[in-house]
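Chemist: Take this sequence and fold it.
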Amino acid sequence: MYTSAWNLPAVWRRFYKMAIKLLDDGLINKIAAGEVIERPASVVKELVENAIDAGSSRINVHITAGGTERIEVVDNGAGIAASDVEMAFQRHATSKITEEADLSRIHTMGFRGEALPSIASVSRLELYTQCGSHTGVRAILEGGKDYKVEPYPTAPGTKIIVRDIFFNTPARKKFLKSTVSEGIHIHEVISKLALSRPDISFSFSNEKKLYFKTPGNNSLRDTVISIYGHDFADNFFDLEWHGESYTLKGIISKPEFRRMNRKNQIFFVNNRLVKSPMLAKAVDEAYRGLLLSREYPALILFLTIENEEVDVNVHPQKTEVRFRDEKVVFRLISRGIRDRLDNYPLHGSNLERQEPVFQSLSSNTRNEGYNQGILKVPLQHVSEPYIPFSDTSLNANSPYDITGLDNKVLTYSDCGFAIIGQCFESYILLEKDESLWLVDQHAAHERVMYNRLLENNALKESHSQLLAFPLAFDLSTAQMDRLEEKMEILREIGFHIEAMGPNTAIIRSAPLLLKGHEIEVINNCLELMQDEHLTDLKKEIFSMMACKQAVKAGQSLTRQEMAIIINEWLQVDNFKNCPHGRPTILELSHLELDKRFKRK
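Modeler: Predicted coordinates:
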């Protein structure tokens, strides 16, 4: 149906009547820069990728004020010939492709010819370069204009200094985050680029602090140690899998090393860092049965594939790819990882049968069958302090003393629920309020633990304990920065941590319920601290701590243990959902069951 211009709002009619005309080059460059350069980290990515393509064996990155004031990238690569310097700042000028057919066999990191002109158009840029035996050159640009190119003595390779990013596009500049946040993004970018090329020595410094320097010895594990530390690297084992036209290499985490998000899942396709939901799902499939829901493995994977089988010309930032046959790639990833996991001794993984929740229960009690009748438990408040199941002793002095309950004669009116038994070692069946309830034991216990943590925090009770043997662990420089910045929050939840060196910290006390998981929880806390979108960091940490210590799906419970969980769970707020929002119960009413069985 035709729409007249006069039916449009007045503000639109003004543009409707305007003539079509070509945009000037300056405005075109600024629009293009918006696609390629989102923030200072984008500048670093583009410049470092150019340095890699130049055949560099050493790349140094230095920033100030989170990259908003200054970014400096220095390499020892081939450099740019003096005659090509001006051309390098023209849009779509590149030495990496010459014809359409080259798009199907791209082997360089960059190829669009957009990076340098886009960066120059929104910053004040200086370039120093020397190619071969030619004289060095210096180029100075401001906002992509006012070229000044002159001979200048400089070292072989290229040095680019970018100052005052977005100085001429204030609307873009006001959307930048804090200098700390922008610095973290740059650290993530340069870290992943360094991982992509273990054969190149990378260094990264922010202000006057050196965050890492990789050896450039072609060892992925040594590169990981340089960036993340020994403790992190020890949680991985090597993977290498060869197919007819595919190669899969890298390192994957042991099943007992679990993360709370996918930030430590890094994928490279032909050495190019990519984002791919399909690859993430293939990893989930490989680890199926080894991890709980909302737990993720960590890995660094390199997929080598024929260039014709993958399309990298999808997005200006070149992080999205399309595969010609996604099903084949999916099977390759999941099978290659699973084969390696099957050959790994799964000590401590979820495949092993869980230890009893209460070690002090007698063997006669533990071996009771489901056919011994229904245990009915009166609702009663469980007194302080809260003691984790693994440390509970069922004796006369224990707040969980339920000895002798089987000998009590109770009517249904005396108690709030009747435990029927356990289903699939994951769900507790109980009768309550004329209904059959199926309770997710992990979600229910997680809600109990979470509410306890909130209550204790409100009452300023941390239930922290001094460790008999303080735990020392290594962190990267970036992690140490986050640890020092958020130390007060960690202290409030029961951790007493001290820095013992530039990359070493020591835990002297920790929350009682985290026994055996202290370092793992600290690492997960540091990951949570990276998330800019969290509105309440402390609650997220409590939620993660509760999930770690709650009983797991697949864990066998006695009736007494089920009674303790249900007894307290029914008394907490929001008991129908876990802290992450998952339902804790499925309820079937007596009437609904009668209808299902055609009684009514």
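
Chemist: so where do the strands sit in the stretch 401-550 of the chain?
Modeler: With DSSP state E, counting those that start in this stretch as the criterion, the stretch 401-550 of the chain has strands at 417-423, 427-432, 435-440, 464-474, 496-501, 504-511.

Chemist: Tell me which helix or strand in this protein has the weakest average pLDDT.
Modeler: Least confident helix or strand of the chain, by mean pLDDT, DSSP states H and E, is helix 363-366 with a mean of 34.

Chemist: got TSV for the strands of the stretch 401-550 of the chain, with mean pLDDT and mean neighbour count too?
Modeler: In this view, the C-beta of every residue, glycine as well, is placed from N, C-alpha and C. As requested, these are exported to TSV (pLDDT from 0 to 100; neighbours: other C-beta atoms under 10 Å):
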stretch	mean pLDDT	mean neighbour count
strand 417-423	90	19
strand 427-432	92	20
strand 435-440	94	19
strand 464-474	87	13
strand 496-501	88	14
strand 504-511	90	19
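
Chemist: To D311, which of these lies closest?
Modeler: Minimum separation from D311 across the strands of the stretch 401-550 of the chain (C-beta to C-beta) falls at strand 464-474, 40.1 Å.

Chemist: what does that closest one contact?
Modeler: Applying C-beta atoms under 8 Å, 6 or more residues apart in numbering, the contact partners of strand 464-474 are 229-232, 494-496, 500, 503-512, 518-519, 522.

Chemist: Export only the CA atoms of it, formatted as PDB.
Modeler: C-alpha atoms of strand 464-474 as PDB (Å, rounded to 0.1, in the frame of the first residue of the first chain):
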ATOM      1  CA  SER A 464      34.600 -17.600  59.200                       C
ATOM      2  CA  GLN A 465      37.300 -19.900  60.500                       C
ATOM      3  CA  LEU A 466      41.000 -19.500  60.700                       C
ATOM      4  CA  LEU A 467      42.800 -22.000  58.500                       C
ATOM      5  CA  ALA A 468      45.200 -24.300  60.200                       C
ATOM      6  CA  PHE A 469      47.400 -24.100  57.200                       C
ATOM      7  CA  PRO A 470      47.100 -20.900  55.200                       C
ATOM      8  CA  LEU A 471      46.500 -21.400  51.400                       C
ATOM      9  CA  ALA A 472      48.900 -19.700  49.000                       C
ATOM     10  CA  PHE A 473      47.900 -19.400  45.300                       C
ATOM     11  CA  ASP A 474      49.100 -17.600  42.200                       C
END
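
Chemist: got the angle between it and strand 496-501?
Modeler: 20 degrees (axes from the mean of the first three to the mean of the last three C-alpha atoms, to 10 degrees).

Chemist: starting at the chain centroid, how far to strand 464-474?
Modeler: 26 Å (C-alpha atoms, centre = their mean, to the nearest Å).

Chemist: Just checking: what are the partner strands of it?
Modeler: Strand 464-474 pairs in its sheet with strand 504-511 (antiparallel), by DSSP bridges.

Chemist: hmm, who's touching the strand it pairs with?
Modeler: Here strand 504-511 makes contact (C-beta under 8 Å, 6+ apart) with 462-467, 470-475, 480, 483, 493-500, 518-519, 522, 545.

Chemist: now that strand: how far from the chain's centre is it?
Modeler: Computed by C-alpha atoms, centre = their mean, the separation of strand 504-511 from the middle of its chain amounts to 23 Å.

Chemist: same question, stretch 178-187
Modeler: 16 Å.

Chemist: How about that stretch, which residues are buried there?
Modeler: Buried residues in stretch 178-187, counted by 16 or more other C-beta atoms under 10 Å: T179, E182, G183, I184, H185, I186, H187.

Chemist: Next, work out how far apart the first one and P40 are.
Modeler: Read that as T179. Shown here: T179 relative to P40, a distance of 9 Å by C-beta to C-beta, to the nearest Å.

Chemist: low-confidence ranges in this protein?
Modeler: Applying pLDDT under 70 to the chain flags the ranges 1-36, 91-113, 313-319, 345-415, 461-462.

Chemist: Outline the domain layout of it.
Modeler: Per the record, the chain has its domains at 25-220, 235-342, 363-449+554-596, 462-549, by automatic domain parsing.

Chemist: Out of these, the one nearest N456 is which?
Modeler: Closest among these, once you apply C-beta to C-beta, is domain 462-549, at 6.0 Å.

Chemist: Pull the contacting residues for the residue positioned nearest the centre of the chain.
Modeler: Compute the mean C-alpha point of the chain, and by C-alpha atoms, centre = their mean the closest residue is K263, 2.0 Å away. By C-beta under 8 Å, 6+ apart, K263 lies in contact with E527, Q530.

Chemist: dump the residue contacts of the residue nearest to F236 when sequence neighbours are not counted.
Modeler: Spatially, and ignoring its direct neighbours in sequence, F236 is nearest to I251 (4.1 Å; C-beta to C-beta, 6 or more residues apart in numbering). Applying C-beta under 8 Å, 6+ apart to I251 gives the contacts L220, R221, V224, F236, F237, D238, L239, L299, I300.

Chemist: Against G157, how distant is I251?
Modeler: 31 Å.

Chemist: thinking again about what came up before, would you reformat the domains of the chain as TSV and include distance to E455?
Modeler: Formatted as TSV, the domains of the chain follow (distance: least, C-beta to C-beta, whole Å):
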stretch	distance to E455
domain 25-220	33
domain 235-342	23
domain 363-449+554-596	9
domain 462-549	10
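
Chemist: which secondary structure element contains V329?
Modeler: Taking DSSP states H and E as the criterion, V329 maps to helix 326-342.

Chemist: Next, the buried residues of that helix.
Modeler: Quick answer for helix 326-342 (16+ other C-beta under 10 Å): V329, F330, L332, I333, S334, R335, G336, I337, R338, R340, L341.

Chemist: Fine, thanks again, bye for now.
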